[in-house]
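Student: Sharing a model prediction with you, sequence too.
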Amino acid sequence: MEPISSDERLFFPATQRNRQPIGNALADLLPPAGVILELASGSGEHGVAFQQRFPKISWQCSDPDPDHCRSISAWINHEGLASVMPQPLPLDVRCDDWIKPGAEAPAMVVAVNLLHISPWECTRALMQGSVRHLRPDGKLLIYGPFRVAGKHVSDSNEQFDDALRERNPNWGVRDQDAVINEARHAGLTLADIRLMPSNNQMILFKR
Ligand SMILES: C[S@@+](CC[C@H](N)C(=O)[O-])C[C@H]1O[C@@H](n2cnc3c(N)ncnc32)[C@H](O)[C@@H]1O
């Protein structure tokens, strides 16, 4: 891989606001050690923040967007984490193999703000891929805005949903029950739902 400069770091403002509450929830939920596979890592700001906050785990970022992967690498280098944190994987959730054969199975798969900004097939792929790749006691954690019983939980979520669907008719704020059903169908069990700031939710499944 060619050298990545710190100038290639991207800055996603929401990560400044939500890293603390997401990190606080992770503090309860993360295993003491093991690999955490983050899908749709975006800029990589969450990845480096959580690797620093939880040094005993190995935070593996991934994203299909090459600019995002370069940003993740730049953040890893900028924060001096290159010796402890793996380089990002160029991973689309829909691909069959998320990790190399023989690699340590993730203890947790994490997907923050992916489901509303990708077609439904990505939600299905996330559930099915988690069942395929997680270790037997592994967990899947998803975070983002969700409708509850078909209804938006705030006007701002409804406006956000409209804007998403205008950008891409296959995107949109997902219904919590539909997501849970898809997970159950794949073989996951609902373990926890937490209300998070700014009308977001964290949903945890067990393999
Ligand atoms: C709204 S951003 C969220 C980034 C980051 N998790 C955060 O919260 O800042 C959505 C991310 O999903 C990624 N993404 C879109 N389609 C994807 C797919 N099929 N598989 C994996 N990631 C995908 C995009 O490249 C982008 O980085």
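Tutor: Received it, and whenever you're ready, just let me know what you need.
Student: centre of the chain versus the helix ranked longest in the chain, how much separation?
Tutor: For the chain, the helix that runs over the most residues, judged by DSSP state H, is helix 13-29. Using CA atoms, centre = their mean, to the nearest Å, we find the averaged C-alpha position of helix 13-29 to lie 12 Å away from the chain's own average C-alpha position.
Student: Are the helix or strand just after it and the ligand in contact anywhere?
Tutor: Stepping forward along the backbone from helix 13-29, the first helix or strand reached (DSSP states H and E) is strand 34-39. Yes: among the residues of strand 34-39, Leu39 lie within reach of the ligand under CB under 6 Å from any ligand atom. Quick note: C-beta positions are derived from backbone N, CA and C, even for glycine.
Student: buried ones in the following helix or strand past strand 34-39?
Tutor: Using DSSP H and E, the helix or strand that follows strand 34-39 towards the C-terminus is helix 45-53. Residues of helix 45-53 classed as buried: Glu45, His46, Gly47, Val48, Ala49, Phe50, Gln51, Arg53 (neighbour count, 16 or more other CB atoms under 10 Å).
Student: for stretch 150-170, same thing?
Tutor: For stretch 150-170, burial by neighbour count (16+ other CB under 10 Å) applies to His152, Val153, Asn157, Phe160, Asp161, Leu164.
Student: tell me the SS of the third one?
Tutor: When classified by DSSP: H, G, I helix; E, B strand; the rest coil, Asn157 comes out as helix.
Student: That one and Val173 touch, don't they?
Tutor: Yes: with contact defined as CB atoms under 8 Å, Asn157 reaches Val173; the gap is 5.8 Å.
Student: Now for those two: what residues contact both?
Tutor: With contacts defined as CB atoms under 8 Å, 6 or more residues apart in numbering, the residues shared by Asn157 and Val173 are Pro145, Arg147.
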